[in-house]
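*Asks:* what follows is a predicted structure for the sequence shown.
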Amino acid sequence: GEQVEQLPSSLIVQEGASVLINCSYTDSASVYFPWYKQEPGKRLQFIIDIRSNMERKQTQRLTLLFDKKTKHLSLHITATQPGDSAIYFCSATSGGNYKPTFGKGTSLVVHP
Amino acid sequence: ETAVFQTPNYHVTQVGNEVSFNCKQTLGHDTMYWYKQDSKKLLKIMFSYNNKQLIVNETVPRRFSPQSSDKAHLNLRIKSVEPEDSAVYLCASSLRDRGYAEQFFGPGTRLTVL
């Protein structure tokens, strides 16, 4: 079955820094890749997604890049704020069975 | 308010007891999910229902059973809980009719098995 790997497992930065979270998957049948964040004590929240027919998506301070050939995604967060501190999860959904597989998460801590 | 609701928030029980968790979504979605999130925050899908039909049934112990009465409700029953069942159980929903779409998550039910 699908396997999703995220790196790094944790990041600690100063406010204003940019960060990059990498994600790779194994199943070439995966077609949909949403990302979520989980702030301490709060529910998982969708932040951005991309489909396999796209290469790039951007919303405000988030840029998501997708390389179908290498089965790799990267999430770029610019101008980080303490409120960005959370665990970020990459997810891959295989075409047809609608079964999402999540990475182990990247813990981001942004110091003021 | 439109969201995904879960009850209870917490549940503490003894090994061997039966527990039941409830989930309701008021978002008009057609697909609902149960996940297990362990102490390391690892998320594993357990079940998924689309329009009351089971579409994903991962390899979970037989003591776990989902129950769907309608598109808006998906409950989870655990017969004879074990210590390794201690975790946070997350319910989510999405709208599959429009193809692939993001999931909306509930706040979770934290289960502690003594």
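*Replies:* Sure thing, it's come through.

*Asks:* tell me the centre residue of the chain?
*Replies:* No chain specified, so I'll use chain A. By CA atoms, centre = their mean, chain A has its centre lying nearest to A:Cys90, at 3.9 Å.

*Asks:* that's the other chain; I wanted chain B
*Replies:* B:Trp34 (2.9 Å).

*Asks:* and that one, what is it in contact with?
*Replies:* B:Cys23, B:Ile45, B:Met46, B:Phe47, B:Ser48, B:Pro66, B:Leu74, B:Leu76, B:Tyr89, B:Leu90, B:Cys91 (CB atoms under 8 Å, 6 or more residues apart in numbering or on different chains). For glycine as for every other residue, the C-beta is placed from the backbone atoms N, C-alpha and C.

*Asks:* give me that answer again for 7 Å
*Replies:* B:Trp34 is in contact with B:Met46, B:Phe47, B:Pro66, B:Leu74, B:Leu76, B:Tyr89, B:Cys91, counting by CB atoms under 7 Å, 6 or more residues apart in numbering or on different chains.

*Asks:* wait, the last one touches B:Val4, no?
*Replies:* Meaning B:Cys91. Yes: proximity of B:Cys91 to B:Val4 meets the contact threshold set by CB atoms under 7 Å, at 5.9 Å.

*Asks:* okay, and the residue nearest to the centre of chain A sits in which element?
*Replies:* strand A:86-94 (DSSP states H and E).

*Asks:* by contact count, what packs against whichever helix or strand comes after that strand?
*Replies:* Where DSSP H and E defines the elements, the next helix or strand beyond strand A:86-94 is strand A:100-102. Packed against strand A:100-102 by the contact rule (3 or more CB pairs under 7 Å, 6 or more residues apart in numbering or on different chains; DSSP states H and E) you find strand A:86-94.

*Asks:* how about the strand it packs on and chain B, any contact?
*Replies:* Yes: interface with chain B: strand A:86-94 contributes A:Ile87, A:Phe89, A:Thr93 (CB under 7 Å from any CB of the partner chain).

*Asks:* among the contacts of B:Trp34, find the lowest-pLDDT one for me.
*Replies:* Taking pLDDT as the measure, these have their low point at B:Phe47 (90).

*Asks:* before we move on, the earlier item: switch the contacts of B:Trp34 over to JSON lines; also include distance to chain A and neighbour count.
*Replies:* Listed next are those as JSON lines, based on distance: CB to the nearest CB, whole Å; neighbours: other CB atoms under 10 Å in any protein chain shown:
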{"residue": "B:Met46", "distance to chain A": "11", "neighbour count": "18"}
{"residue": "B:Phe47", "distance to chain A": "10", "neighbour count": "21"}
{"residue": "B:Pro66", "distance to chain A": "15", "neighbour count": "20"}
{"residue": "B:Leu74", "distance to chain A": "15", "neighbour count": "27"}
{"residue": "B:Leu76", "distance to chain A": "17", "neighbour count": "22"}
{"residue": "B:Tyr89", "distance to chain A": "13", "neighbour count": "23"}
{"residue": "B:Cys91", "distance to chain A": "10", "neighbour count": "28"}
